[in-house]
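Colleague: Please find the sequence and the predicted model below.
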Amino acid sequence: MAIGGLLWAGLRGVLGYVLGSPHGRGPEGLILCILFGPVGLLISFLLPRGRTCPFCGASIVKKAVRCIHCQKHLPPTAASRRA
């Protein structure tokens, strides 16, 4: 019985990590799913993608150089400086 619960928690953690990874939030998804089960799985799937524009507050793509909403040039992120 306890082994089944551990396996179920592990499976939820893996699913949370997989769903959170494309958003750059794999570890958060893993923790949310292990702690909160199906609700954590839903939360990890709905985590925001990308980043927020520092000028207008809109949600934008992580690699964006210019905000699609306010058209201002964005400061570079650590990920874009490495590429």
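Modeller: Everything's here; your move. Numbering: from 1, shown residues only.

Colleague: And residue 4, how close does it get to residue 37?
Modeller: The spacing between residue 4 and residue 37, counted by Cβ to Cβ, to the nearest Å, is 14 Å. In this view, the C-beta of every residue, glycine as well, is placed from N, C-alpha and C.

Colleague: Compare neighbour counts for those two and give me the winner.
Modeller: The residue with more neighbours, out of residue 4 and residue 37 and counting by other Cβ atoms under 10 Å, is residue 37; that gives 14 against 8.

Colleague: Read off the pLDDT value for the more buried one.
Modeller: The predicted structure scores residue 37 at 81 on the pLDDT scale.

Colleague: Quick one: residues contacting it.
Modeller: For residue 37, the residues meeting the contact criterion (Cβ atoms under 8 Å, 6 or more residues apart in numbering) are residue 12.

Colleague: From here on, call the first residue 31.
Modeller: Done: numbering now begins at 31, and the last item shifts to residue 67.

Colleague: how far away is it from residue 39?
Modeller: Using Cβ to Cβ, we find residue 67 at a distance of 8 Å from residue 39.

Colleague: Same check on residue 88?
Modeller: Distance of residue 88 to residue 39, computed by Cβ to Cβ: 37 Å.

Colleague: residues touching the residue nearest to residue 95 when sequence neighbours are not counted, list them.
Modeller: Of all residues beyond its chain neighbours, the one nearest residue 95 is residue 104 (6.1 Å), with distances taken as Cβ to Cβ, 6 or more residues apart in numbering. With contacts defined as Cβ under 8 Å, 6+ apart, residue 104 is in contact with 83-84, 90, 94-97.

Colleague: Give me the buried entries from those residues.
Modeller: Neighbour counting with 16 or more other Cβ atoms under 10 Å marks 83, 90, 97 as buried within those.

Colleague: Looking at these, which one is closest to residue 60?
Modeller: Nearest to residue 60 among the buried ones among the contacts of residue 104: residue 90, at 25.4 Å, using Cβ to Cβ.

Colleague: quick one, phi psi at the closest one?
Modeller: Dihedral angles phi and psi of residue 90 (degrees, to the nearest 10) take the values phi -130, psi 170.
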